[in-house]
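Trainee: How does the following fold in three dimensions:
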Amino acid sequence: MDVQDEIMKEAEELARRSALYQSHLPPPLVNATCLSESAEEELLEECNEAWRELGEFQNKLTLADAREVIQDSDNPLAVLLARERALLAELSVQRNRTPKPLLANQEVLTCLGKQELQNTDRQLEMILSCVRARKKSLQEELEREQKWLQEQLEMEKVLQEKLEDQQQQDFLTLSKNSVIQKMKINMEKVTLQKEKLLSALGNFLDVHYPPPAEAEVGRKAARLASTRGDNAAGFITLHEILEHLMTKTMKTPHDPYLELDDSFWPPFVEALLRYGVVLRHPEDPHRIRLEEFDQ
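Mentor: Presented below is the predicted three-dimensional model:
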């Protein structure tokens, strides 16, 4: 009863500490007291006695081998029945046998009970710490999700208001047919204006920037042609350079740069760079692109 009472007191102390320290981990329990010399000697003696008994049982099992006693190759069924009877007899003996407790010393039992209680206390503290960390993580995630939900609700409200205003304005001012007709007229105007601009640009380039084969390129162009091993007729026109740049910008807006090769006449490129029509690549001077005039 003394051992049980002491262990119960330790368990009550653990429960009281867990109830008091809900917000943080409780302090550890007092370590179990060491065993006295007499208790250690008694425990060692019991272990040695158990080891000797185990050795005796092992020797008996080794000497009494049922396979050597029961052998009958002509009648294997009788051998199996004999083994079954032997196993049933051994099972009956083991069931009726009252095992002897290994530890009978009250001091040893008390120390083991305290150690088990402390191990349980440490395991519960680890579980409590993990649960609190998980709870904190879930709370933070919940706050983020609530914030995101509130932003989405506000955005939905604003968009709904804009949609209602736009629908009301469209209903009061223009009908569907009139809007479509107006868009067609605007598209025709834009197309006509685009053709005029392209025609004016082509005429301007033909007059002021003729192809290198027809212009007087001067001594500098002659030196360049001699270094290239061909004549100026291999250069493309400024109009074609602009077309290539616009096509590159429209087809691959993520990579609008155009690679310079021998077909680009350097004075044309220099003129475009000087007047801010094109820009060089910040890392590769042999690549150019159109200036973003809409920004």
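Trainee: Strands of this protein, residue ranges please.
Mentor: With DSSP state E applied, the chain shows strands at 258-259, 278-280, 287-290, listed in chain order.
Trainee: These: which one's closest to Gln181?
Mentor: For Gln181, the closest of these is strand 287-290, at 34.2 Å, according to CB to CB. Placement of C-beta: from N, CA and C, glycine included.
Trainee: just checking, what packs against that closest one?
Mentor: Strand 287-290 sits against helix 238-251, strand 258-259, helix 266-274, strand 278-280, with contacts defined as 3 or more CB pairs under 8 Å, 6 or more residues apart in numbering; DSSP states H and E.
Trainee: Just send the ones you listed back as JSON lines, with mean pLDDT and mean neighbour count too.
Mentor: Formatted as JSON lines, the helices and strands packed on strand 287-290 follow (pLDDT from 0 to 100; neighbours: other CB atoms under 10 Å):
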{"stretch": "helix 238-251", "mean pLDDT": "87", "mean neighbour count": "16"}
{"stretch": "strand 258-259", "mean pLDDT": "90", "mean neighbour count": "16"}
{"stretch": "helix 266-274", "mean pLDDT": "89", "mean neighbour count": "15"}
{"stretch": "strand 278-280", "mean pLDDT": "91", "mean neighbour count": "17"}
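Trainee: who wins for proximity to Ser199 among those?
Mentor: Short answer: helix 238-251, nearest of those by CB to CB, at 11.6 Å.
Trainee: That closest one versus helix 266-274: what angle between them?
Mentor: Relative orientation of helix 238-251 and helix 266-274, computed by axes from the mean of the first three to the mean of the last three CA atoms, to 10 degrees: 50 degrees.
Trainee: residue ranges of the helices in the stretch 151-295 of the chain, please?
Mentor: Taking DSSP state H, counting those that start in this stretch to define them, one finds helices in the stretch 151-295 of the chain at 176-208, 218-228, 238-251, 266-274.
Trainee: how about these in a markdown table, adding distance to Leu87?
Mentor: Putting those into a markdown table (distance: least, CB to CB, whole Å) gives the following:
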| stretch | distance to Leu87 |
| --- | --- |
| helix 176-208 | 95 |
| helix 218-228 | 104 |
| helix 238-251 | 87 |
| helix 266-274 | 101 |
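Trainee: separation between Leu138 and Cys130?
Mentor: Noted for Leu138: a distance of 12 Å to Cys130, by CB to CB, to the nearest Å.
Trainee: again with Asp261
Mentor: Separation of Asp261 from Cys130 (CB to CB): 65 Å.
Trainee: Nearest to Leu77 among the helices of the stretch 151-295 of the chain would be which one?
Mentor: For these, proximity to Leu77 was assessed by CB to CB; helix 238-251 is nearest, at 90.3 Å.
Trainee: Go ahead and name everything in contact with that closest one.
Mentor: Contact with helix 238-251 is made by 201-202, 205-206, 209, 236, 256-258, 264, 268-269, 271-272, 277-278, 288-290, as judged by CB atoms under 8 Å, 6 or more residues apart in numbering.
Trainee: show me where pLDDT drops low in the stretch 51-200 of the chain?
Mentor: Where the stretch 51-200 of the chain drops to pLDDT under 70, the residues are 61, 64-73, 99-105, 108, 173-177, 179.
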